[in-house]
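Colleague: Build me a model:
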Amino acid sequence: MGILSSLRSFKADISESKLRQYTYSSMASPLLLVVVLCSYCCYIAHAGDEHGFVVVPRRSYEPQAVCSASRVNLERSSSVPLVHRYGPCAPLRYSDVPMPSFSETLRRSRARTYYIKSRASMDMGSTPDDAAVTAPTHLGGFVDSLEYVVTLGFGTPSVPQVLLMDTGSSFTWVQCTPCNSTKCYPQKDPLFDPSKSSTYAPIACDTDTCRKLGKRYKNGCTSGGTECGYFVGYGDGSRTRGVYSNETLTLAPGVTVKDFRFGCGHDQRGPNDKYDGLLGLGGAPESLAVQTSSVYGGAFSYCLPALNSQAGFLSLGAPSANTSAFVFTPMGHLPGWPTFYMVNMTGISVGGKPLDIPQSAFRGGMIIDSGTIVTELPETAYNAVEAALRTALAAYPMVASDDFDTCYNFTGYSNVTVPRVAFTFRGGATIDLDVPNGILVKDCLAFRESGPDVGLGTIGNVNQRTLEVLYDAGRGIVGFRADAC
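Modeller: Numbers count the residues shown, from 1 in each chain. Model (predicted):
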């Protein structure tokens, strides 16, 4: 019976009909059953793709203490490395930045999605008066929920600045001098000094550029009365205020963006973990993607690495070579709020089998967000995914968690058999999530319920790992390429 119990533990990998072929007789030799069991172990390991399951060594997805950037291939000249802010690939000068607990990280992520959904359900209303410069109360998401950073050069000569990357914000800013300790947080790099750059120029407050900024940020003149001021508040209480300015942005040696408009911040507040500023990649006019649309067609892409000890990339522009490795789906935006990018999901598969989820369950749409960790699915879809994954992973003991609905204890297992999960989008585009790093986080399922089916869902950054996600606003599409980093 011990052998038969072992066979049953592989029910997620072996169909019941195949099992019957080898348990046809109570007179079967125990030795034969052992041979059959071992052969099926081998069969599963080498034919996982055919059955919708993959056997992965545990060590392949455990955190590493050193950076491994061997897989990063910066194919385009506009590409820059992208790394996790708390991982070993982050700039060395940031290695002592304290890492929050995972529970705190999840709390920040959930607060971000709650804020996004609450803002999506209401107008960008009136704002409180904040000195001479005001803006809608919370234009961004949560700065302290952001997880990935890139290093770009500002000014001439170019000065490196480490920026938090956010597809949920459109406004880019860095801390600038003059800014004393009561006005700015203590970042690791020297503050950007515009007086030392030959290409820096503040934008005047009586220009069309400043007036256009006022359509989303109620701009005003600075105390001197000539420069365009800005103010941005975020959902976590962070804020930045300063001068809207032009500067040369350097992506890579010889690859620059002239007259890039950004905020030169002189008054910052909030938990920004000593980074130099924020890079806004949202869909509003102030974003880097929109500002460079004449050169790069309003397109950019990134690949989030499978592990925090690896590097990914951020690129401006769409690939100029063959895009046959991509699958595409139409791009949308929240009505009246162009910053966030949306797609329409139509189905989900687990273990190679489509789940019985009506397309109406996804009618609220899905935001793709680099600053959210765990994917939030509408109620009907979430229940189906959770049930299917629990069945597929039934061989492993579950453990309780305050942070997730479903977690497992894989202690003692050298290999773990994980089902493939696939998302299908409008137009038929289907992507396989990375196994296991796109499905499991801290040995828990990286999904949670977002609420009723009519509501908004979010595709978090765990599900995006190793995919190149291409946002091509010029063509109105979102693309996905597997195994890109």
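Colleague: report the longest helix in this structure, please.
Modeller: Among the segments of the chain that qualify as a helix by DSSP state H, the longest is helix 102-120.
Colleague: Next, the buried residues of the helix or strand Thr391 falls within.
Modeller: Taking DSSP states H and E as the criterion, Thr391 maps to helix 379-392. For helix 379-392, a neighbour-count test (16 or more other Cβ atoms under 10 Å) marks 380-382, 384-386, 388-389, 392 as buried. All C-beta spots, glycine's among them, are computed from the backbone N, C-alpha and C.
Colleague: Neighbouring strands - and their directions - for the following helix or strand past it?
Modeller: Per DSSP H and E, the first helix or strand lying C-terminal to helix 379-392 is strand 398-399. Strand 398-399 has its sheet partners listed here by DSSP bridges as strand 407-408 (antiparallel).
Colleague: Mind checking the pLDDT average for the partner strand?
Modeller: For strand 407-408, mean pLDDT is 96.
Colleague: Other residues contacting that strand?
Modeller: Strand 407-408 is contacted by residues 393, 396-401, 442-445 when judged by Cβ atoms under 8 Å, 6 or more residues apart in numbering.
Colleague: So in the chain, where's the weakest helix or strand by average pLDDT?
Modeller: helix 16-22 (a mean of 32; mean pLDDT, DSSP states H and E).
Colleague: quick one: low-confidence ranges for the stretch 1-150 of the chain?
Modeller: Across the stretch 1-150 of the chain, the ranges flagged by pLDDT under 70 are 1-51, 69-73, 94-95, 119-145.
Colleague: still on that earlier bit, next, the buried residues of the longest helix of the chain.
Modeller: Buried positions in helix 102-120, judged by neighbour count with 16+ other Cβ under 10 Å: 105-106, 108-113, 115-117, 119-120.
Colleague: buried stuff in stretch 254-270?
Modeller: Residues of stretch 254-270 classed as buried: 257, 260-268, 270 (neighbour count, 16+ other Cβ under 10 Å).
Colleague: Mind putting these into a markdown table with pLDDT, distance to Ile348 and secondary structure?
Modeller: Converted to a markdown table, those look like this (pLDDT from 0 to 100; distance: Cβ to Cβ, whole Å; DSSP: H, G, I helix; E, B strand; the rest coil):
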| residue | pLDDT | distance to Ile348 | secondary structure |
| --- | --- | --- | --- |
| Val257 | 95 | 38 | strand |
| Phe260 | 97 | 39 | strand |
| Arg261 | 97 | 40 | strand |
| Phe262 | 97 | 39 | strand |
| Gly263 | 95 | 40 | strand |
| Cys264 | 95 | 45 | strand |
| Gly265 | 92 | 42 | strand |
| His266 | 91 | 47 | strand |
| Asp267 | 89 | 45 | strand |
| Gln268 | 87 | 41 | strand |
| Gly270 | 72 | 36 | coil |
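Colleague: could you dump the contacts of strand 407-408 to TSV with neighbour count and distance to Asp236?
Modeller: Listed next are those as TSV, based on neighbours: other Cβ atoms under 10 Å; distance: Cβ to Cβ, whole Å:
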residue	neighbour count	distance to Asp236
Leu393	22	34
Tyr396	18	36
Pro397	12	36
Met398	13	33
Val399	14	30
Ala400	6	29
Ser401	14	24
Lys442	13	23
Asp443	20	28
Cys444	21	24
Leu445	22	26
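Colleague: How much space separates the closest residue to Ser77 other than its chain neighbours from Ala321?
Modeller: Closest residue to Ser77 apart from its sequence neighbours, by Cβ to Cβ, 6 or more residues apart in numbering: Val255 at 5.1 Å. Noted for Val255: a distance of 18 Å to Ala321, by Cβ to Cβ, to the nearest Å.
Colleague: Show the model's pLDDT score for Asn272.
Modeller: Looking at Asn272, the pLDDT reads 61.
Colleague: Tell me the first helix or strand C-terminal of the longest helix of the chain.
Modeller: strand 148-154.
Colleague: so who does Gly476 touch?
Modeller: Under the criterion of Cβ under 8 Å, 6+ apart, the neighbours of Gly476 are 330-331.
Colleague: Phi and psi next, for it.
Modeller: Main-chain torsions, Gly476, degrees, to the nearest 10: phi 70, psi 40.
Colleague: and the gap between it and Thr329?
Modeller: From Gly476 across to Thr329, the span is 10 Å (Cβ to Cβ).
Colleague: cool, Ala381 as well?
Modeller: Shown here: Ala381 relative to Thr329, a distance of 17 Å by Cβ to Cβ.
Colleague: Kindly report the same for Gly412.
Modeller: To Thr329, Gly412 is 41 Å away according to Cβ to Cβ.
Colleague: Same check on Pro305?
Modeller: Remark: distance between Pro305 and Thr329 (Cβ to Cβ) = 23 Å.
Colleague: Also Val56?
Modeller: Plainly put, Val56 is 28 Å away from Thr329 if you go by Cβ to Cβ.
Colleague: Could you check which of these two is surrounded by more residues?
Modeller: A count of neighbours by other Cβ atoms under 10 Å puts Thr329 above the other of Val56 and Thr329, at 22 against 17.
Colleague: mind checking the SS state of that one?
Modeller: Counting by DSSP: H, G, I helix; E, B strand; the rest coil, the backbone at Thr329 sits in strand.
Colleague: next one: Thr209
Modeller: Reduced to three states by three-state DSSP, Thr209 is helix.
Colleague: Would you confirm that it contacts Cys228?
Modeller: Yes: with contact defined as Cβ atoms under 8 Å, Thr209 and Cys228 form a contacting pair (7.2 Å).
Colleague: Nearest the geometric middle of this protein, what residue?
Modeller: The residue lying closest to the centre of the chain (Cα atoms, centre = their mean) is Ser370, at 2.4 Å.
Colleague: Tell me how many other residues crowd the residue nearest to it when sequence neighbours are not counted.
Modeller: Nearest residue to Ser370, sequence neighbours excluded (Cβ to Cβ, 6+ apart): Thr167, at 4.5 Å. Applying other Cβ under 10 Å, we find 28 residues neighbouring Thr167.
Colleague: quick one: contacts for Thr167?
Modeller: 281-282, 340-341, 368-371, 471.
Colleague: let's go with 6 Å and repeat that
Modeller: By Cβ atoms under 6 Å, 6 or more residues apart in numbering, the contact set of Thr167 is 281-282, 370.
Colleague: What residue spans form the domains of the protein?
Modeller: Following automatic domain parsing, one finds the domains of the chain at 2-46, 67-303, 320-481.
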